[in-house]
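Student: What would the 3D arrangement of this be:
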Amino acid sequence: MNMRWLSSGAIGVLTMIASPRPFLSWVVFKSGCCFSLWMLHRSVAVELEVTKELSKLLCSVESAYLNIVREVAAYAVEHNVTSAIQLRGLFYSKYRGEYPGLHSHLVIQAIRQASEIAKSFMERKRKGLAQKPYPEVRNVSIRFDETAWNYEQFIKSIAPVRIKLSLPNGQTEVWLRLHKRFWRYWWLVLNKEAGLRKTLIVKRRANKWYAVFVFEIKPKEGIPQSVVSFDINENTVAVGKIDLTSTVGMVASWNRQYLTPQLYTIKTDFGRLARRYGRVRNAIIEKLKPEFALPNGKYVNVTNTREFRKRVKHLRERGRKLGRVRQIANELTRTPAIIITEELGDNPQESMIEDVGKDELRHRIKQTPFKSIEEAVEDKALERGSRLVRVSSYRNSRVCPIHFTRLERTDDWHTLKCPLGHYVDRDYASVMNMDWKTTPEAWIKAFWWNMKSLNKNMNWRKYEGKSNPLIPYEIVQYIHAVLKTFVARLERCPAMLAQGDPMNHHRIQNEGGGEETSHALLGQGGGQ
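Tutor: From the prediction side, this is the model:
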């Protein structure tokens, strides 16, 4: 079957990837299918070799640039003027006269940056996330467009080692301390597999100056080799995998017992990590409290003190989380695949903690990086020839993936019971139901068991032949066949999942590197 990713699709595929980076929009192929293409963005920071005099010059440019951004952003918010063109007409002449040594395009870029900050602030204020009346701009990154640095000369060079910046003393040559990450992407530029953005970003960090180059890379086009669905939890990520490369002959030779989807768990321990660092921070607060006692017996808020920040910055909590997020993304995108996950929304933690009373549990949920994992998987998937598809999260973990009946609670929070006699792991039920929602059967199965008016008025036959338009129909048919075989075997005997291991042995992955077999559906209980 032809499973080339860009060979089939449907209108509406623009919803496939959140936060898209537009490159070419609405590319229409001969088959009549519409797609939108995206470019991957990779930023590479390169340290600049600057003398003391050049550093002072860059600091003066940064100071002028920061003043422009602050004043224009405050005016834009106060007068509700966020158009960069209007703000440029109001402020360009003023700042050209106030800072005659500053390149004209730097003034334009500063006004544009202020416009972006004002728009972002007003959006956050509308959502109730901003408390102050105006945006507080503390740091800026100086943006040089193609006329303010030697872009044309730089892009034509085979091995660029220096840049020229337009500063108050004229064109100033600055040498670069290049590293292998830069050369990796520059090799793609030389091979026409990537492009370099014309805008150069210069920023100061810890008294060092860096030039940030932004590369635009074409997403890979690959033949999907599997369908991977994953569900993010507090301490684990549940994964279900269906291989697409298994032919009928291969399956027959294995006595068809390996059509069962591979189900395994990646151990993340984000909740335990949050609990551990919470205890460490509380210990630091208790240790510092006597130093900040007030005469009335109360204490200053220790978390706002310099001493507390000095101790906390060495805990490496953010680095540990980021490392685990990247490991998950790398594991889920090893081969080109169709990756399925739940639609989380913009801020999933807020809806999760609405009915939670315990402060510790609320903190653990808030510290679990749901969106970070999803965005990392999406970004890595584009780089490796995979695509991320989102399905509804409606009752994924409450429906039996075999009989489509409502699961009942047991003494174990993770283990639920089907009314027909077998037990189901909540997380694995969720990933299986995500796969079901990509098939034609998702339209007609009882995901809506208590909505009598919908069941009464819905013409289910109208939707029997339809499927998810985001996934090529040949792959949908394959997923459907695998799931039907899986259900047929388990309907004969719900305990048959333990009959044999899948062709690709799955494992529970944890920090210690150990592995053990996991079973999604615990075959306890009897008939149907």
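Student: Count the neighbours of D359 for me.
Tutor: Applying other Cβ atoms under 10 Å, we find 9 residues neighbouring D359. No exception for glycine: its C-beta is placed from N, CA and C like everyone else's.
Student: what separates it from V302, distance-wise?
Tutor: Distance from D359 to V302, counting by Cβ to Cβ, to the nearest Å: 18 Å.
Student: List phi and psi for the nearest residue to G240 once chain neighbours are set aside.
Tutor: Nearest residue to G240, sequence neighbours excluded (Cβ to Cβ, 6 or more residues apart in numbering): V431, at 3.6 Å. The phi/psi pair for V431 (degrees, to the nearest 10) reads phi -70, psi -30.
Student: which stretches of the stretch 1-150 of the chain form helices?
Tutor: 52-79, 84-98, 104-126 (DSSP state H, counting those that start in this stretch).
Student: Relative to E291, which of these is closest?
Tutor: helix 52-79 (34.2 Å; Cβ to Cβ).
Student: Now do the domain split for the chain, please.
Tutor: Split into domains by automatic domain parsing, the chain comes to 5-41, 47-136, 145-217.
Student: What is the end-to-end distance of the longest one?
Tutor: One end of domain 47-136 to the other measures 27 Å (Cα to Cα, to the nearest Å).
Student: oh, and call the first residue 247 from now on, that's how I've got it
Tutor: In the new numbering, first residue 247, that becomes domain 293-382.
Student: residue contacts, the residue nearest to G486?
Tutor: For V677, the contact set (Cβ atoms under 8 Å, 6 or more residues apart in numbering) comprises S475, F476, D477, A484, V485, G486, L509.
Student: circling back to that earlier point, turn the helices of the stretch 247-396 of the chain into CSV, including mean neighbour count, mean pLDDT and distance to V645.
Tutor: Listed next are the helices of the stretch 247-396 of the chain as CSV, based on neighbours: other Cβ atoms under 10 Å; pLDDT from 0 to 100; distance: least, Cβ to Cβ, whole Å:
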stretch, mean neighbour count, mean pLDDT, distance to V645
helix 298-325, 18, 94, 47
helix 330-344, 15, 93, 49
helix 350-372, 19, 93, 37
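Student: would you turn these into a markdown table with distance to P414?
Tutor: Below are the helices of the stretch 247-396 of the chain laid out as a markdown table (distance: least, Cβ to Cβ, whole Å):
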| stretch | distance to P414 |
| --- | --- |
| helix 298-325 | 7 |
| helix 330-344 | 13 |
| helix 350-372 | 10 |
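Student: low pLDDT regions in the stretch 647-774 of the chain?
Tutor: Scanning the stretch 647-774 of the chain with the threshold set as pLDDT under 70 gives 686-726, 728-774.
Student: mind running it again at 50?
Tutor: 690, 692-700, 710, 713-714, 739-774 (pLDDT under 50).
Student: Nearest residue to T482 in space, please, no chain neighbours.
Tutor: T511 (4.9 Å).
Student: I should have written L607 there, sorry.
Tutor: Sequence neighbours aside, I599 is the residue nearest to L607 in space, at 7.9 Å (criterion: Cβ to Cβ, 6+ apart).
Student: That neighbour contacts K612, correct?
Tutor: Yes. Contact criterion Cβ atoms under 8 Å: I599 and K612 qualify, at 6.8 Å.
Student: still on that earlier bit, and the residue nearest to L607, how many neighbours?
Tutor: Count around I599 with other Cβ under 10 Å applied: 16.
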